[in-house]
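Undergrad: got a predicted model here, sequence first, then my questions.
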There are 2 protein chains.
Amino acid sequence: MNWKGLRTGEKAILDHVFWASGISRDALATASSFSKSRANAAVAELLDQGLLEESGQQVPTGGRRAEVLRLSRSLGVLIGVAVGATGLEVGILSPDLAVLAHHSEPADVRDGPGPVLSRIRTLMHELLAQCRMGPKQVIAIGIGLPGPVDFDSGQLVNPPLMPQWDAYSIRDDIGTDFSAPVFVDNDVNVMALGELWRMQRSLQNFLVVKVGTGIGCGIVCHGQVYRGANGSAGDVGHICVVPDGPRCHCGNFGCVETLAAGPAIAAMATEAARAGQSDMLARMLAERGTLRLQDVAEASRAGDMAANQVIQRSGALVGQMLASVVNFFNPSHVFIGGGVSRVGPLFLAAVRQSVYQRSLALSTRHLDIQYTPLGDRAGLIGAGVLAMQESLRQAEAA
Amino acid sequence: MNWKGLRTGEKAILDHVFWASGISRDALATASSFSKSRANAAVAELLDQGLLEESGQQVPTGGRRAEVLRLSRSLGVLIGVAVGATGLEVGILSPDLAVLAHHSEPADVRDGPGPVLSRIRTLMHELLAQCRMGPKQVIAIGIGLPGPVDFDSGQLVNPPLMPQWDAYSIRDDIGTDFSAPVFVDNDVNVMALGELWRMQRSLQNFLVVKVGTGIGCGIVCHGQVYRGANGSAGDVGHICVVPDGPRCHCGNFGCVETLAAGPAIAAMATEAARAGQSDMLARMLAERGTLRLQDVAEASRAGDMAANQVIQRSGALVGQMLASVVNFFNPSHVFIGGGVSRVGPLFLAAVRQSVYQRSLALSTRHLDIQYTPLGDRAGLIGAGVLAMQESLRQAEAA
């Protein structure tokens, strides 16, 4: 996408419209702190250039009806990619982040970047074709990956779950098929960006915690995703919760990830099944050969006592880690996502109990702990936000 | 101070000059991203109005000498107040934060806000008189206090060390003698602000940890002090480091503050003295009736083995807490201040060892842990920065 002809004021207007996901002219003037006449002139210019459009959908505003502005669909599309340790999702999104087409499938990131990214490029082409589009219509591409990312280079740095990806140039790989700019970030940062957009930046300081194969945390501080001095901020999986606990793959002992993430939940449930503590888990184990997080979630939702104990133990340990983080960061909200969100309210209750017991009264007085409002979509929407935000930011820098 | 006649560009110039603490015209144009002619016009106007002045001091810049701009001393003075649990300091500072006069003395915040603030007002008058100034010359007043502060109201919220101060209006109290605006913040946030100014905002993401009667942390994120959703961010004293440890006054068990802060250090040293493990500590205890943090620091600096063990144990526990915080926040620097900084390199070495052992390689790769560069002055300078920064910010909002 070429934003080069734009003036600073017009870029600010586009940014506001994007983050508001549909906004009236009056609200836009207020939000951008421009005068009404200046905002209207900029909007007229952007409508002329085909960058903005008026949406047919109208919102009632107490009698009078205001037309809603949004980024023009004629701009093209965004591609969002959300890669987890055990699966990937690719989606085509409009500039206002409606999902036009998407596909998800199991994948193993340990196969290395070559095969995984090749499959992703194939899916990109297929999904674009479904939307009757081609690579030239792509404004920008956003990718979330489960490891620490150096944001400027778009490369993973010593990723523990996927060592072959270390310093691999994802941009060059995708660039063999697409000329659109490619932006890469950690998967949980991308989820946090998605939630920030969904709430139209109304929350300034919150956390998104993903509990799946690993445990990670996305941090929003002063209304922006915070990545830390080396891009490893939010690496909470190796916070110690049991000082004399088992050894973690990082070399330390009693890390919350090793005790409470998906593989630990599956291992505890397998043990319970073998010890004869649960007929349901034993039956699942016999049928499926192995237990995974989603099996334990299923058993817990069905009321299996042993599964519930496993889930509560995991929730209590995640809550113990979060208590330290909440004392330090005093967020307004903690949103929990990842595979564990399929468990339902029991996990959340255990986390809450543990946090409220261990954190200071002041930092939990208004603290809200819930599952990610965007649910399974947080990664895909967040990747779309990443693509659009960084594309607009590049335009501002140009 | 009345900034009302100022245009936006002029306010931006004043802000840059303040944070740069002396800057040439050329550097100012670069820093403010104004054109040279626009910057020069604004500077000329501000020199005319007496808000800026050229400093006699000149800096060599490779042959040619540039005149340095600074905030004019004719603007008046700032008052900085740094209150700790056991002492207070009041200082008169020029707009460019030279300390013109200051006084510190022991104080007990548990005496309540009435007597403590009355004493502070008396000191303010005395110090102003020493500078041949009066209340009318005061631009703004900044106060750091050892408890959680609601920044907008300038009041303490449930402060554990000083319960009588809860919701007391510090502004009204100081306002009986001074009409200048009063800004109040947590003592460690104020120290962080002082260090941010000293480094001319060149570090964007760092922590200041104060280890004295309590343990607290100031957070700088994206180049700004971060206070959290309820103003309690950085409340790290109640992070658990020994799950089955002793009960803390907060109600939980094994909090780092209860195990490793000044009173715990003094208690461990007293025990060692009574158990006959150290002649030096025993002699100090006999002479002084009680051991305080500074006594243990003195013994440790003199090479006393028992004192060193106490200091190392405290440092290891503070480091264990910091390891969690560093994994989460990935700061570039951790600066340690407060009474414990009198101990010397041994405490710092114990903290470092513990953090490097327990944190992830990526988050510690470039991590620098040292004592606060401003030393004992961090609180006073920070209070001056708070006063000036918020005064300029109010001007921008006006």
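TA: Nice, I can see it.

Undergrad: check what pLDDT whatever residue of the stretch 151-300 of chain A ends up closest to chain B gets.
TA: Chain B sits closest to residue A:228 of the stretch 151-300 of chain A, with a gap of 2.8 Å, by CB to the nearest CB. All C-beta spots, glycine's among them, are computed from the backbone N, C-alpha and C. Listed pLDDT for residue A:228 reads 93.

Undergrad: thinking it is in contact with residue B:363, fair?
TA: Yes. The pair residue A:228 / residue B:363 is scored as a contact, 7.1 Å apart, by CB atoms under 8 Å.

Undergrad: the more surrounded of these two?
TA: Taking neighbours as other CB atoms under 10 Å in any protein chain shown, residue A:228 and residue B:363 compare with residue B:363 leading, 25 against 22.

Undergrad: the helix or strand hosting that one - what's its average pLDDT?
TA: For residue B:363, the host element (DSSP states H and E) is helix B:361-364. What helix B:361-364 shows for mean pLDDT is 80.

Undergrad: can you count the residues close to residue A:33?
TA: Residues near residue A:33, counting by other CB under 10 Å, number 10.

Undergrad: quick check: the gap between it and residue B:42.
TA: Noted for residue A:33: a distance of 21 Å to residue B:42, by CB to CB, to the nearest Å.

Undergrad: shared neighbours of residue A:228 and residue B:363, anything?
TA: Taking CB atoms under 8 Å, 6 or more residues apart in numbering or on different chains as the contact rule, residue A:228 and residue B:363 both touch residue B:330.

Undergrad: phi and psi next, for residue A:70.
TA: Backbone geometry at residue A:70, expressed as degrees, to the nearest 10, gives phi -150, psi 170.

Undergrad: I'd assumed residue A:54 was in contact with residue A:72.
TA: No. Residue A:72 is beyond contact range of residue A:54, at 9.6 Å (criterion: CB under 8 Å).

Undergrad: these two: which is more packed in?
TA: residue A:72 (19 against 14).

Undergrad: for the more buried one, give me its contacts.
TA: Counting by CB under 8 Å, 6+ apart, residue A:72 touches A:50-53, A:95.

Undergrad: which of those are buried? Put it as a ChimeraX command.
TA: Listed next is the ChimeraX selection for buried residues among the contacts of residue A:72, using 16 or more other CB atoms under 10 Å in any protein chain shown:
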select /A:51,52,53,95
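
Undergrad: nearest to chain B among the contacts of residue A:72?
TA: Closest approach to chain B among the contacts of residue A:72 (CB to the nearest CB): residue A:51, at 25.3 Å.

Undergrad: can you give me phi and psi for the nearest residue in space to that closest one that is not next to it in sequence?
TA: Leaving out its chain neighbours, the residue that sits closest to residue A:51 by CB to CB, 6 or more residues apart in numbering or on different chains is residue A:72, at 5.7 Å. Here is the backbone geometry of residue A:72 (degrees, to the nearest 10): phi -70, psi 140.

Undergrad: give me the pLDDT for residue A:72.
TA: pLDDT for residue A:72: 90.

Undergrad: do residue A:139 as well
TA: For residue A:139, the pLDDT comes out at 96.

Undergrad: please identify the helix or strand for it.
TA: Assessed by DSSP H and E, residue A:139 sits inside strand A:138-145.

Undergrad: direction included, what does that strand pair up with?
TA: Using DSSP bridges, the strands paired with strand A:138-145 are strand A:77-83 (parallel), strand A:182-186 (parallel).

Undergrad: now those as a markdown table including mean pLDDT and mean neighbour count?
TA: Below are the strands paired with strand A:138-145 laid out as a markdown table (pLDDT from 0 to 100; neighbours: other CB atoms under 10 Å in any protein chain shown):
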| stretch | mean pLDDT | mean neighbour count |
| --- | --- | --- |
| strand A:77-83 | 97 | 28 |
| strand A:182-186 | 96 | 25 |
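
Undergrad: export the ones you listed to CSV and tack on distance to residue A:221?
TA: CSV is the format used below for the strands paired with strand A:138-145 (distance: least, CB to CB, whole Å):
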stretch, distance to residue A:221
strand A:77-83, 23
strand A:182-186, 15
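
Undergrad: number of residues surrounding the residue of the stretch 251-398 of chain A found nearest chain B?
TA: With CB to the nearest CB as the measure, residue A:330 is the residue of the stretch 251-398 of chain A nearest to chain B, at 2.8 Å. Neighbouring residues of residue A:330 were enumerated by other CB under 10 Å; the total is 28.

Undergrad: shouldn't it be in contact with residue B:230?
TA: Yes. Between residue A:330 and residue B:230 there is a contact at 5.8 Å, judged by CB under 8 Å.

Undergrad: which neighbours do the two share?
TA: Jointly contacting residue A:330 and residue B:230 under the rule CB under 8 Å, 6+ apart are A:362-363.

Undergrad: residues near residue A:202, how many?
TA: Using other CB under 10 Å, residue A:202 is surrounded by 8 other residues.

Undergrad: quick one: it from residue A:334, how far?
TA: Remark: distance between residue A:202 and residue A:334 (CB to CB) = 16 Å.

Undergrad: for the helix or strand hosting residue A:219, what is the distance to the chain centroid?
TA: Following DSSP H and E, one finds residue A:219 within strand A:215-221. For strand A:215-221, the distance from its own C-alpha centre to the chain's C-alpha centre is 10 Å (CA atoms, centre = their mean, to the nearest Å).

Undergrad: check stretch A:314-326 too.
TA: The answer for stretch A:314-326 is 20 Å, by CA atoms, centre = their mean.

Undergrad: can you list the residues of the stretch 201-350 of chain A near chain B?
TA: Residues of the stretch 201-350 of chain A lying close to chain B by CB under 8 Å from any CB of the partner chain are A:205, A:217, A:219, A:221-222, A:224, A:226-236, A:238-240, A:242-243, A:250, A:252, A:320-321, A:323-325, A:327-332.

Undergrad: change it to 7 Å
TA: Within the stretch 201-350 of chain A, the residues that sit near chain B (CB under 7 Å from any CB of the partner chain) are A:205, A:217, A:221-222, A:224, A:226, A:228-230, A:232-236, A:238-240, A:250, A:252, A:324-325, A:327-332.

Undergrad: give me the low-pLDDT residue ranges for the stretch 1-150 of chain A?
TA: A:1-5, A:56-66 (pLDDT under 70).

Undergrad: what parts of it come near chain B?
TA: Residues of the stretch 1-150 of chain A lying near chain B (CB under 7 Å from any CB): residue A:148.

Undergrad: quick one: the helices in the stretch 1-150 of chain A?
TA: Along the stretch 1-150 of chain A, counting by DSSP state H, counting those that start in this stretch, helices occupy A:8-20, A:25-32, A:36-48, A:113-130.

Undergrad: right, I'll leave it there.
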